[in-house]
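S.K.: 3D model of this:
(chains A, B, C and D)
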There are 2 protein chains.
Amino acid sequence: MHAILARVTTPGGEIAEIFGHLLRRSTRDHLYARLTAGLDGSLDQATYPVISGLARYGPRSAAQLADDIGLDRSVVSRHATRLAQAGLIERLPDPADRRAILLRLTGPGQQAVRQMRARLAAVFDEYLATWPPGEAARFAASLRRLSEEGPFLG
Amino acid sequence: MHAILARVTTPGGEIAEIFGHLLRRSTRDHLYARLTAGLDGSLDQATYPVISGLARYGPRSAAQLADDIGLDRSVVSRHATRLAQAGLIERLPDPADRRAILLRLTGPGQQAVRQMRARLAAVFDEYLATWPPGEAARFAASLRRLSEEGPFLG
DNA sequence: TATTGTTATACTCTATAACTATA
DNA sequence: TATAGTTATAGAGTATAACAATA
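M.R.: Reported below is the predicted structural model:
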């Protein structure tokens, strides 16, 4: 009788349910493992937002980057140390503020980010090629709009 | 130059980038906080997959549910204890296997899941009402297909 | 011998607090 | 006084290992 609850069948209900699945730990682990497989050992689920944020926003202090990616500056500082030891980022003094230290991708760091991005994009594009023409592009546009405007996703 | 890396501009590249953002801890925390605000204290980011899984799949043993939701059975067992203490689920002997203990939603547990689902669905639907007619439904259908068929999301 | 539920333990990731240096 | 980076500490969440009970 009530062993299984009926879902909410509106678009919002469908999206919410699927997001719940995407946010599951096992899904995240799987995605990050795929993303970083074979690359430097310093690249994992924890350091990815740091190096990816630097690639996206450009050189920044730990405090700035922490604000951008939603982590505490102490966490960014620790991950930055790992990435710097691996030679993927470098620390350099901020000419405008002697308290701050800018974090910046090195050449190998840029290459690593390019690899991760290209790898993940290829995995999705290969699958999306099975969709009807235009559907993938429409979907990507809607997803971007939702992520930028939508509730607690922006 | 090269301070900011160029993105992958294919649909797959766009989707991958946005998923990376959605999976960020701060985004997850925000979503789960919204989902469980004002409800029983046993409902949080950790117990949600357990109670949600029972609602989705029906009464199950901890080992079965652990497999369904991608957690270890020891973790499911611990979260189940919290949910049971709150009266949201109950443990009952499995008539088919005396080693197993079935986990099942109680009435209040069903009500809690309905509330969480309805709440999240409403938040999305309210925003999606700003989209052109039909776009939300098309997007939800594509998202469902991607989550069911797509790389490491199924 | 294999599997279930449970508990103890260890590990990872994060936030908070505290410290020094600089604005 | 406020903010930068860093480090020590504590907290949350998970997996692993080990146990007794049952298949």
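S.K.: contact partners for A:Pro132?
M.R.: Contacts for A:Pro132 (Cβ atoms under 8 Å, 6 or more residues apart in numbering or on different chains) come out as none. Heads up, the C-betas are built off the backbone N, CA and C, glycines and all.
S.K.: what do you get for A:Asp94?
M.R.: Listed by Cβ under 8 Å, 6+ apart, the contact set of A:Asp94 reads A:Ser61, A:Ala100, A:Ile101, A:Leu102.
S.K.: now the residues you listed: which count as buried?
M.R.: Using 16 or more other Cβ atoms under 10 Å in any protein chain shown as the burial test, those include A:Ser61, A:Leu102 as buried.
S.K.: A:Thr36: neighbour count?
M.R.: Number of residues near A:Thr36 (other Cβ atoms under 10 Å in any protein chain shown) recorded here: 20.
S.K.: I figured it hits A:Ser42, correct?
M.R.: No - look at A:Thr36 against A:Ser42 with Cβ atoms under 8 Å: they stay out of range, at 9.4 Å.
S.K.: what sits against the residue nearest to the spatial centre of chain A?
M.R.: Central residue of chain A (Cα atoms, centre = their mean): A:Pro49, 5.3 Å from the mean position. With contacts defined as Cβ under 8 Å, 6+ apart, A:Pro49 is in contact with A:Ile69, A:Leu71, B:Gly20, B:Arg24.
S.K.: wait, the third one touches A:Ile51, no?
M.R.: No - counting by Cβ under 8 Å, A:Ile51 is not a contact partner of B:Gly20; they are 11.5 Å apart.
S.K.: who has more neighbours, those two?
M.R.: Neighbour comparison, B:Gly20 and A:Ile51: the larger count goes to A:Ile51, with 26 against 19 (by other Cβ under 10 Å).
S.K.: who's in contact with that one?
M.R.: Each residue near A:Ile51 by Cβ under 8 Å, 6+ apart is listed here: A:Leu43, A:Leu83, A:Leu88, A:Ile89, A:Leu105, A:Gly109, A:Ala112, A:Val113.
S.K.: how about these in TSV, adding pLDDT, neighbour count and distance to DNA strand D?
M.R.: Converted to TSV, these look like this (pLDDT from 0 to 100; neighbours: other Cβ atoms under 10 Å in any protein chain shown; distance: Cβ to the nearest atom of the strand, whole Å):
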residue	pLDDT	neighbour count	distance to DNA strand D
A:Leu43	98	26	19
A:Leu83	98	23	11
A:Leu88	98	26	15
A:Ile89	98	28	11
A:Leu105	98	23	15
A:Gly109	98	25	16
A:Ala112	98	24	20
A:Val113	98	21	20
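S.K.: tell me, which of those make contact with DNA strand C?
M.R.: Filtering the contacts of A:Ile51 for proximity to DNA strand C by Cβ under 7 Å from any atom of the strand leaves nothing.
S.K.: of those residues, which pair is most distant in space?
M.R.: Maximum pairwise distance among those (Cβ to Cβ): 12.5 Å, between A:Leu43 and A:Leu105.
S.K.: shared neighbours of these two, anything?
M.R.: Contact criterion Cβ under 8 Å, 6+ apart; residues shared by A:Leu43 and A:Leu105: A:Ile51, A:Leu88.
S.K.: which positions in the longest helix along chain A come out as buried?
M.R.: Longest helix in chain A, counting residues (DSSP state H): helix A:107-128. By 16+ other Cβ under 10 Å, the buried positions in helix A:107-128 come out as A:109-110, A:112-113, A:116-117, A:119-125, A:127-128.
S.K.: DNA strand C contacts on chain A?
M.R.: By Cβ under 7 Å from any atom of the strand, the residues of chain A that approach DNA strand C are A:44-46, A:49, A:70-72, A:74-75, A:78-79, A:97-99.
S.K.: one more pass at 6 Å, please.
M.R.: A:Asp44, A:Gln45, A:Ala46, A:Leu71, A:Asp72, A:Ser74, A:Val75, A:Asp97, A:Arg98, A:Arg99 (Cβ under 6 Å from any atom of the strand).
S.K.: ok, and the most crowded of these?
M.R.: Counting neighbours by other Cβ under 10 Å, A:Leu71 leads these with 22 neighbours.
S.K.: and it, that one's in a strand?
M.R.: No - counting by DSSP: H, G, I helix; E, B strand; the rest coil, A:Leu71 falls outside a strand, being coil.
S.K.: show me the contacts for it.
M.R.: Here A:Leu71 is in contact with A:Pro49, A:Val50, B:Arg25, B:Ser26 (Cβ under 8 Å, 6+ apart).
S.K.: how near is A:Gly41 to A:Ala86?
M.R.: A:Gly41 is 7 Å from A:Ala86, where distance means Cβ to Cβ, to the nearest Å.
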